[in-house]
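Q: Structure here, sequence nowhere to be found:
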């Protein structure tokens, strides 16, 4: 049985019931109003005439359960679901397995089961405490055996969520009846062990596929709750997983390989390893000798067998788990070099491109888990071989493999260090930069700047800085950056595809301190101020203030001020806003006197000449507001320097003069921005007479404005001034 579509559970119900759904429920409005939440749910979910009604009812399962309460849900709702929702479907499923001519359950029932699996998971622990959630597992277990994949996956997801909540250590310590609580934990462990055995022993492959995802959570639960008496239970769970890895069905072996990493982490009691740059291990993992022995004797043979499986879908998932196995072995360089490195070497040359692609995609986790970088110089040979494997993936014949490998360039650079990077990785980058496939070049342009760290401000539309390491963690020196990356930057900025250019521009500020030595790069950036693609112009506008920082204010005044002003008048709003956002950095670099002398005259001229274009006047006002925000944030620093404070006050006077004009503008949008700016100016203006004689009267004059929004922002500015005065008096 297969569904024609696989929508998410949250999208299966409409925001309001339709007329056809209302007509399908055989009750009058008066009767429905008198029903309890449970009765209303039963009447709707048992409506055979309307699938929409049943889907809507199941979609509201968490709401109904919350209305009923915990105890009523456990005594009424859960038994009803187990008896009436699953019985007919499960019976039909069993008959379909034994007799191909038997009547199969309706296709639409999968939508109901999907919502049921999701809804039960949402009940724990917010409504039903974890230790009381065992009855839910019986329903989810049956859902985990159905044929539809999305239903099984959702059931497994809910089971894995509930299992850790069955045991609450703090609940045991604060309860006087500890023996009773311990008995409940033991009973829960017994139920989980019985459930996994039952699922693993079924003949049909669906339950075995599901139990592969459940076993890691069950093993972790036994590890957490059981003492030495749990050794037999753990041994049984490992045997069950071994049977799954040796199953005749490729789908079962694939599921076992998919969850092998999680199972190894459960055995060794390790937390999952993130692939982010900030999560590169800085120390070896702490694993007991007993658990390490279990991994060596029981798990490693499974990994080796799965990595030699005839199905490429099995091999690719098994090879990706080698990093987790390496962590479970305590990141021992000798063991990992002898047992796991050959598997990785074989995977890099596997005949199936899918295996190589998946290994290239997961190479960050695999390489980090082996821990060779933590045992230098003793493991330098092993780390060199790992870099050679990565270099082979960079030169793969398949573009998808090369793209996936390039995505881990920054990770391998930080892991291997400058010397190995120059020897094994850098020589391959020039060929990748000229790759005929645009996606490969684009991925290199996107990840290349992560190799130099997270210095610089970055573009406002850059979303990748969260994973970038701090400036102090830069693995490459400035000399290496200039040697390796400068030619690549020049080529990418002249690429025919705007996507490649954008990836470089968005992060070019990270090397802003080196732009003075990259003349060709700077000239390319200047040429791109006239680019046809507006996103390119937006990135250039965000970058120009950083060029003033790198090349000096004199260079900006001589070469960049005209392009900057043209971008300020760009037809695309996002480009203009990028210039507005850059005013803060430009003032920080150039200082208030330079802004007043070189920028303010241009602003006044543009404003006066834009009598017919209110958007231009709004842009100028937003620039002034940005300057006000910068002035307000740096007010404390300026008080330490009297000359700086004087020049800032002079700039504020020019800004105030322009805002007093624009607050009387005939377009309400301009007046609104001016009101916001006046409110900011009032916050950091020390001359009380200016506030009393100029700013406050101008804002009070807008309280009778014809535009409602303008009146609102004027009142907001006045209220902020009032709060500021009250704070000063206190």
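A: Looks like it came in fine. Note that the coordinates shown come from a computational prediction; the quantities given were computed from them, not determined experimentally.
Q: Please tell me how far residue 689 sits from residue 697.
A: Applying Cβ to Cβ, to the nearest Å, the value for residue 689 to residue 697 is 12 Å. Glycine gets a C-beta too; all of them are placed from N, C-alpha and C.
Q: what's stretch 211-223 in contact with?
A: 144, 156, 159-160, 163-164, 166-167, 188-189, 192-193, 195-196, 199-200, 230, 233-234, 237-238, 240-241, 244, 252, 255-256, 258-259, 262-263, 265-267, 269 (Cβ atoms under 8 Å, 6 or more residues apart in numbering).
Q: average pLDDT across that stretch?
A: Here stretch 211-223 scores 94 as its mean pLDDT.
Q: Ok, stretch 189-199 next?
A: Mean pLDDT, stretch 189-199: 93.
Q: centre of the chain versus it, how much separation?
A: 34 Å (Cα atoms, centre = their mean, to the nearest Å).
Q: Okay, buried residues for it please.
A: 189, 192, 193, 195, 196, 199 (16 or more other Cβ atoms under 10 Å).
Q: what helix or strand does the nearest residue to the second one once chain neighbours are set aside sit in?
A: Nearest in space to residue 192, with sequence neighbours left out and distances taken as Cβ to Cβ, 6 or more residues apart in numbering, is residue 218 at 4.8 Å. In the assignment (DSSP states H and E), residue 218 maps to helix 205-225.
Q: which other helices and strands contact the helix or strand that that helix is followed by?
A: Under the assignment DSSP H and E, the closest C-terminal helix or strand after helix 205-225 is helix 231-245. Secondary structure elements in contact with helix 231-245, counted by 3 or more Cβ pairs under 8 Å, 6 or more residues apart in numbering; DSSP states H and E, are helix 178-201, helix 205-225, helix 250-258, helix 260-268, helix 300-307.
Q: ok, residues contacting the longest one?
A: Here helix 178-201 makes contact (Cβ under 8 Å, 6+ apart) with 131, 134, 137, 141, 144-145, 163, 166-167, 171-172, 175, 207-208, 210-211, 214-215, 218, 221-222, 225-226, 230, 233, 236-237, 240, 243-244.
Q: what ranges of the stretch 451-600 of the chain fall below the confidence cut-off?
A: Low-confidence segments of the stretch 451-600 of the chain (pLDDT under 70): 453-474.
Q: what about 50?
A: Applying pLDDT under 50 to the stretch 451-600 of the chain picks out residues 455-472.
Q: follow-up on the earlier one: are any of the contacts of helix 178-201 buried, and if so which?
A: By 16+ other Cβ under 10 Å, the contacts of helix 178-201 give 131, 134, 137, 141, 144-145, 163, 166-167, 172, 207-208, 210-211, 214-215, 218, 221-222, 225-226, 230, 233, 237, 240, 244 as buried.
Q: just so I have it, where are all the strands in this structure?
A: Using DSSP state E, no strands are found in the chain.
Q: Of residue 689 and residue 697, which one has the most company?
A: Shown here are residue 689 and residue 697; by other Cβ atoms under 10 Å, residue 697 has more neighbours (11 against 8).
Q: what about residue 684, how many neighbours?
A: Neighbours of residue 684 (other Cβ under 10 Å): 19.
Q: And it, what's its pLDDT?
A: Residue 684 is assigned 78 on the pLDDT scale.
Q: From residue 421, how far out is it?
A: Residue 684 sits 48 Å away from residue 421, going by Cβ to Cβ.
Q: what's the answer for residue 207, then?
A: For residue 207, the distance to residue 421 - Cβ to Cβ - is 48 Å.
Q: now do residue 183
A: 58 Å.
Q: Which one's more surrounded, these two?
A: More neighbours surround residue 421 than the other of residue 183 and residue 421, with 22 against 11 (other Cβ under 10 Å).
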